[in-house]
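> With the sequence up front, the predicted model follows.
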Amino acid sequence: MSERTIAAIATPLGEGSLGVIRISGEKALSVADKVFRSFSGKRLAELSGYSAAYGEIVDGERVIDDGVALVFKAPKSYTGEDVVEISIHGGRLILKEALRLILQNGAFLAEAGEFTKRAFLNGKLDLTKAESIMGLISANSQAELRLSRAAHIGGVSKKIDKIEADLVSADASIAAYSDYPDEDIEGLDYHNFLTMLESAKNEIEKMLSTYDAGRVLREGIETVIVGKPNVGKSTLMNMLSGAERSIVTDVAGTTRDVIEDTVTVGDITLRLADTAGIHNTSDTVESIGVKRAKDRIDIAELVLAVFDCTAPLDSNDISLLESVRDKNTIVIVNKTDLENMLDMSAFDGLRVVTISAKNNSGYDELCREIAEISGTANLNPDTAVLIGERQRTCADRALEAVNEAISALTGGQTMDAVGVCVDDALAALFELTGKRVTNEVTDEIFRKFCVGK
Ligand code: GDP
């Protein structure tokens, strides 16, 4: 248990009906008792865990607010320590005053993520569960929420525990074999051993294979809408965002720069840029816009290339098509409420969706194509999906080490050599879940949290 008793405001500072201050540590109850006077006259320290008292936050005889104190006794609390959560009115000043009092009475202001870090250090949750918390809080879509929830209830931990268990028993067999190489040790049968390593490899590969789609669901996808002027890019953007954000006129070249917006299409958040049309222009301002549009294509993860179906493709359309052909592109044939004059064979080999942005038609089909191209269409958000670059790197390292173990085994190297690779794989997995992790890594993870979490 950590020495310092910490406190912080756990709810956002603003105007809310309730605001919560959390206190955690050995002195949580005694500190709270100095500032909280229950109407029943009972001290919080006398209460059992999971109980509540109604009372007042007092500064000497001055009452700051009335509210409810919830008492949790170690180890049955979020952090595993004694915890008091005081709910008072959610006013900025009230919360700050109450926190100031609590700090004056012996608590220290919690660092970013310190409550959750303590929960981790006290074995209340592993790193995969801890890292899911930010996703739970910041989820913008149902899918993202479900992904974070699945990780939070231990989906990722359970999968990794299973792989670890296999590798640990392999390690134990190798250790026994190395000690007594002449004895026939059960479980070190070559084929069993190889099967076990291959199953670990498959499981890690499976986890890694859903990473990108999970990342798209969590973080959204950098998207650019391109097309020559007047094909309907702004109208499409408005259809997607459901608001008149871009300027829509009949005059070609109205959208002069890159307009940023975030829209949720199905389960996916698109971080959208509606660009100036890509075309040859002598207008200086427009040509800057065209250059930016081209730059955006380079960094975009998804390109929505818009074409107007009411006229055959011209040289601008064709050069655009060539510049996006090798990208993750969806061709959008717009204005299909009007007569189609396009030779659709120009789009052979590309994903094509026909829409009428003006009439909002083709939206569902576009959602489906975006989900397909982003790999989220077949992702079940309730399954275990790795969260964040850190977890992916650990899983990559584990996979590499298991592959090396397999090569060492099949290449006839010594069991010691195989054992070293298995140990490396385990080290990577232990780091992923936090079973064995350096202080630096832990600090880095929790620094990303905000104060109060
Ligand atoms: P941008 O320059 O590519 O952004 O094109 P805009 O979105 O400004 O649209 C140019 C013109 O095409 C406007 O008059 C729009 O109303 C019209 N337009 C856009 N989408 C459609 C559509 O699906 N059908 C029809 N009939 N007109 C459209």
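Arrived safely, thanks for sending.
> from what I can see, residue 223 looks like it's in a helix, true?
No: Residue 223: not assigned to a helix; according to DSSP: H, G, I helix; E, B strand; the rest coil it is strand.
> Could you list every helix and strand in contact with the lengthiest strand in the chain?
Counting by DSSP state E, the longest strand found in the chain is strand 62-72. Packing partners of strand 62-72 (3 or more Cβ pairs under 8 Å, 6 or more residues apart in numbering; DSSP states H and E): strand 51-59, strand 83-90, helix 92-104. Bear in mind the C-beta positions are built from the backbone N, C-alpha and C, glycine included.
> is it possible to export those to JSON lines including mean neighbour count, distance to residue 203 and mean pLDDT?
Shown next, in JSON lines, are the helices and strands packed on strand 62-72 (neighbours: other Cβ atoms under 10 Å; distance: least, Cβ to Cβ, whole Å; pLDDT from 0 to 100):
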{"stretch": "strand 51-59", "mean neighbour count": "17", "distance to residue 203": "43", "mean pLDDT": "97"}
{"stretch": "strand 83-90", "mean neighbour count": "22", "distance to residue 203": "36", "mean pLDDT": "98"}
{"stretch": "helix 92-104", "mean neighbour count": "19", "distance to residue 203": "46", "mean pLDDT": "97"}
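> name the helices or strands packed onto the helix or strand hosting residue 118?
Following DSSP states H and E, one finds residue 118 within helix 114-121. Judged by 3+ Cβ pairs under 8 Å, 6+ apart, helix 114-121 is in contact with strand 6-9, strand 16-24, helix 127-138, helix 439-447.
> List of residues touching that helix?
With Cβ atoms under 8 Å, 6 or more residues apart in numbering as the test, helix 114-121 has contacts from 2, 6, 8, 10, 22, 24, 78-81, 125-127, 130, 133, 434, 442, 446, 449, 451-453.
> same question, stretch 207-222
Stretch 207-222 is contacted by residues 135, 140-141, 143-144, 147-148, 156, 159-160, 262, 267-271, 299-302, 374-376, 378-379, 381, 383-387, 392, 395-396, 399 when judged by Cβ under 8 Å, 6+ apart.
> Helices - which of these land there?
135, 143-144, 147-148, 156, 159-160, 299, 374, 392, 395-396, 399 (DSSP state H).
> Scan those residues and report the most crowded one.
residue 147 (31 neighbours; other Cβ atoms under 10 Å).
> so can I have TSV of the helices and strands packed on strand 62-72 showing distance to residue 294?
Shown next, in TSV, are these (distance: least, Cβ to Cβ, whole Å):
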stretch	distance to residue 294
strand 51-59	59
strand 83-90	48
helix 92-104	46
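> Could you dump these into TSV with distance to the ligand added?
Converted to TSV, these look like this (distance: least, Cβ to the nearest ligand atom, whole Å):
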stretch	distance to the ligand
strand 51-59	56
strand 83-90	43
helix 92-104	43
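> Listing request: residues of the stretch 151-300 of the chain with sub-threshold pLDDT.
Counting by pLDDT under 70, the stretch 151-300 of the chain has low-confidence residues at 177-188, 243-259, 274-293.
> Would you map the strands across it?
Along the stretch 151-300 of the chain, counting by DSSP state E, counting those that start in this stretch, strands occupy 221-226, 259-265, 268-274.
> Out of the ones you listed, flag the one nearest the ligand.
Across the strands of the stretch 151-300 of the chain, the ligand has its closest neighbour in strand 268-274 (6.7 Å, Cβ to the nearest ligand atom).
> how is the chain carved up into domains?
Split into domains by automatic domain parsing, the chain comes to 6-126, 141-210+385-434, 217-374.
> re the thing from before, pick the most buried one from the helices and strands packed on helix 114-121.
Among those, strand 6-9 has the highest mean neighbour count (mean count of other Cβ atoms under 10 Å), at a mean of 24.
> who does that one pair up with?
Using DSSP bridges, the strands paired with strand 6-9 in its sheet are strand 16-24 (antiparallel), strand 108-109 (parallel).
> Take the ones you listed and write them to JSON lines, including mean pLDDT and distance to residue 70.
Converted to JSON lines, the strands paired with strand 6-9 look like this (pLDDT from 0 to 100; distance: least, Cβ to Cβ, whole Å):
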{"stretch": "strand 16-24", "mean pLDDT": "97", "distance to residue 70": "9"}
{"stretch": "strand 108-109", "mean pLDDT": "98", "distance to residue 70": "20"}
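> Let me know which of these is the nearest to residue 101.
When the strands paired with strand 6-9 are compared by Cβ to Cβ, strand 16-24 sits nearest residue 101, at 9.6 Å.
> excluding its backbone neighbours, what's nearest residue 372?
Take residue 372 and drop its neighbours on the chain: the residue closest to it by Cβ to Cβ, 6 or more residues apart in numbering is residue 351, 7.5 Å away.
> Hmm, the one you found is touching residue 370, no?
No: contact criterion Cβ atoms under 8 Å: residue 351 and residue 370 do not qualify, at 9.4 Å.
> and these two? which has more neighbours close in?
A direct count of neighbours by other Cβ under 10 Å for residue 351 and residue 370 places residue 370 higher, at 25 against 14.
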